[in-house]
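Peer 1: how would this look folded up:
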Amino acid sequence: MAEVPSTFRLERGAAAPDFSLVDGHGNAYSLAQIASERRAVVIAFVCNHCPFVIHLADALGACAREYLAKGVQFVAVNANDVANYPDDAPEKMPAFAQSHSWDFPYLYDESQEVAKAYAAACTPDFYVFDGDLKLAYAGQFDSTRPGRGDEITGADLRAAIDAVLESGEGPAQPWQPSSGCNIKWKAGNAPDYF
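Peer 2: Predicted coordinates:
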C-alpha cells in the first residue's frame, strides 16, 4: 500500500465547499442540513477497504460519539471508484459504518466532485470547520499508522475540535498532514494536484 499525504490546498478560514450526497440507503444529506445548529463540523474522507481507515475506524466512532454531545457533527465521505474497488460500493457502506459504531452520516461521492472541491488526497483525510463553516483544521487523526502498534487516541483531531469549541479558532499551523491510501480516482478524473 502506497502512503499518500494530505494536500493542504484549502486554506485556514476557507468556506466549506457545499455538497448534497446520499448515504448507502439512498438518503440525501446536504452540508447545510448536517451543519445546522452545530458548533463545529468534522468531514472525513474515508472508504471501506483502506487499511489506514480500518486502523482508526473504531476510534473515530468513539470520538464522534463523545463530541456529538458537545455540538459537533461528524460526516464521512467515500469518493472511491467502486467499479475498480467494489468493496467500497455504497451498498456495503452501512455495514462498515455499523461495524465501527459510526452514528453519523456516511455518504457516497459518486462524481468525485466533492473530494476535488476539498482537495482530498487520501483515506482518511480530515477537515474541521467552525460553526460558520470556515476551515479551522485539516490534517491527521493522530500520529498512529497501521502496523506500528501505537495507541490510537485521535489526539490531533481532538485538539483541533477542542480549540474550536474553546476559542472559536482551530489550532495554530503548521498542521500535521493525514496520510493513507490515495483516493481511487475514476479513469481520467484525477485532479490536478496528483
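
Peer 1: all strands for this structure, in order.
Peer 2: Applying DSSP state E to the chain gives strands spanning 4-5, 20-23, 28-30, 40-45, 72-78, 106-108, 122-123, 125-130, 135-139, 179-182.

Peer 1: Among those, which comes closest to A163?
Peer 2: Smallest distance to A163 across those (Cβ to Cβ): 7.2 Å, for strand 135-139. All C-beta atoms are positioned from the backbone trio N, CA, C, and that covers glycine.

Peer 1: contacting residues around the residue nearest the centre of the chain?
Peer 2: The residue lying closest to the centre of the chain (Cα atoms, centre = their mean) is A44, at 0.5 Å. By Cβ atoms under 8 Å, 6 or more residues apart in numbering, the contact set of A44 is L60, F74, V75, A76, V77, P124, D125, F126, Y127.

Peer 1: what's across from it in the sheet?
Peer 2: Beta bridges link A44 to A76, F126, judged by DSSP bridges.

Peer 1: What separation is there between it and S167?
Peer 2: If you measure A44 against S167 using Cβ to Cβ, to the nearest Å, the figure is 23 Å.

Peer 1: how far does stretch 177-194 sit from the chain's center?
Peer 2: 14 Å (Cα atoms, centre = their mean, to the nearest Å).

Peer 1: Low-confidence bits of the protein, can you list those?
Peer 2: Along the chain, segments meeting pLDDT under 70 span 1, 194.

Peer 1: Which other helices and strands does the biggest helix by length in it contact?
Peer 2: Among the segments of the chain that qualify as a helix by DSSP state H, the longest is helix 51-68. Packing partners of helix 51-68 (3 or more Cβ pairs under 8 Å, 6 or more residues apart in numbering; DSSP states H and E): strand 40-45, strand 72-78, strand 122-123, helix 155-167, strand 179-182.
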